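>>> attaching a predicted model along with its sequence, questions to come.
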Amino acid sequence: MTFGQNNFTRSMLAPLLTAIPVIVIAPAILQPFALAQLSIFALLALSLGLIWGYGGILCFGQGAFFGIGAYSYVILVTNLSLPWTSLILAICCTMIVAACLGLVMFYGRLGDVYLAIVTLVFTLILNRFMNATAGPEYQIGSARLGGFNGIPGFEVLKLPWSDLLFMPDILFFYICFGILIMAWIFCRWLLRTHFGRVMIAIRENERKVEFAGYDTRLHKTISFAIGGGLAGMAGVLYANWAGIVTPNLFSLTQSAEIIIWTIVGGIGTLIGPIIGAILLVFLKLLLGYQSVVDNYFLLGVLLILVVIWFPNGIAGAAAQSRFMSRTAVKKWKTHSNRTMNARRS
């Protein structure tokens with residue numbers, strides 16, 4: 001095993017070792033219901049962190065894919081009564097929609113600004129459409145879309161022995177947290193593959209990658225679809241967590257929050273969006289108990305302060321301080337060695 005493979009293996013073991021104390025200690029600090037919510041939104045932020053931080057694709061449509069995944073699962077499970085099969089099919093449906101949208105945008109040579117606008121409009125169109133589906137004619141099989149009332153009362157994910165347990169909330173948190181860890185490992189692995197390196201190169205200079213003979217539009221479409229699939233998976237878990245899906249999943253507020261989580265956590269890292277989502281969603285839960293100041297106003301102020309003080313986000317600032325501390329230690333060791341050599345001579 002080479003040094004690079006050994007280093008990669010250790011980096012893969014790090015989240016697994018971190019997960020052990022989280023699984024044991026976290027339920028004693030917070031309610032499992034809230035922990036599951038934090039894990040779901042962390043997965044949603046990870047989906048944007050992958051395509052924006054490493055693919056250079058600023059997408060306002062992660063909220064749309066989040067909602068598509070949730071609605072797809074509910075419609076499928078209502079008609080099939082197979083929760084785990086419906087989860088896989090819902091993720092596939094979301095990836096297909098993301099791939100189709102990506103083909104139109106990337107092969108249409110849309111610029112970054114227009115791409116952000118198109119994904120934003122796509123989200124707003126879905127929100128407007130789903131709010132208008134209250135009539136009885138808006139029905140897919142046995143599932144009625146319900147308009148602004150949404151779709152309640154559907155079968156949720158269960159393990160074969162979950163009915164024997166007295167703590168289903170903790171079990172669902174373990175499922176959400178486990179999927180988050182696996183998604184993070186998958187993203188780390190993807191970025192180390194040839195495809196991931198090309199994706200990062202496209203972010204740096206797309207034209208040079210094209211001159212090297214790569215189809216950048218295809219690579220961006222695939223990465224966009226993968227990000228959409230991760231957001232769709234988060235949507236499926238959210239539907240199981242909330243027990244209802246409504247058009248609010250497609251709201252502009254939801255899409256904007258995902259971007260804020262990613263910026264605060266740190267663009268260009270995978271752990272940064274996860275940290276940003278957990279911190280800001282937890283802060284939002286705490287602020288939900290007061291009505292003196294609007295929560296979104298406080299989040300906006302926090303975003304401005306983070307951008308001013310930590311341009312690279314929380315994860316970027318932590319990495320920079322760690323690098324500076326290592327540099328300081330190396331300088332101190334070098335200085336000490338020189339002093340000792342001078343004394344000996």
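The structure has been received and is ready for your questions.
>>> quick one: the strands in the stretch 201-345 of the chain, in order.
Taking DSSP state E, counting those that start in this stretch, the strands of the stretch 201-345 of the chain run over residues 244-245.
>>> helix or strand: which one has G196?
Using DSSP states H and E, G196 maps to helix 194-204.
>>> alpha carbons only: can I get that helix in CSV?
What follows is helix 194-204, C-alpha atoms only, in CSV (Å, rounded to 0.1, in the frame of the first residue of the first chain):
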residue,chain,number,x,y,z
HIS,A,194,-10.4,10.3,-12.5
PHE,A,195,-13.9,11.7,-12.9
GLY,A,196,-13.5,13.8,-9.7
ARG,A,197,-10.1,15.2,-10.7
VAL,A,198,-11.6,16.2,-14.1
MET,A,199,-14.5,17.8,-12.3
ILE,A,200,-12.1,19.9,-10.1
ALA,A,201,-10.1,20.8,-13.2
ILE,A,202,-13.3,22.1,-14.9
ARG,A,203,-13.9,24.3,-11.9
GLU,A,204,-10.5,25.8,-12.2
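>>> what's the neighbour count on G235?
The tally of other residues near G235 (other CB atoms under 10 Å) stands at 32. Heads up, the C-betas are built off the backbone N, CA and C, glycines and all.
>>> for it, which non-adjacent residue is spatially closest?
G69 (3.0 Å; CB to CB, 6 or more residues apart in numbering).
>>> what does M233 give?
Nearest non-adjacent residue to M233, counting by CB to CB, 6+ apart: I91, 5.3 Å away.
>>> so the one you found belongs to a helix, correct?
Yes. If the criterion is DSSP: H, G, I helix; E, B strand; the rest coil, then I91 is within a helix.
>>> related to what we said a few turns ago, what about the helix holding G196, distance to the chain center?
Relative to its parent chain, helix 194-204 has a centroid offset of 19 Å by CA atoms, centre = their mean, to the nearest Å.
>>> swap in stretch 244-260?
Put simply, stretch 244-260 sits 13 Å off its chain's centre (CA atoms, centre = their mean).
>>> ok, the residue nearest to M233 - contacts?
Applying CB atoms under 8 Å, 6 or more residues apart in numbering to I91 gives the contacts 69, 229, 232-233, 236.
>>> and with 10 Å instead?
Taking CB atoms under 10 Å, 6 or more residues apart in numbering, we find I91 in contact with 69, 72-73, 228-236.
>>> so G69 is in contact with L237, correct?
Yes. Contact criterion CB atoms under 10 Å: G69 and L237 qualify, at 8.7 Å.
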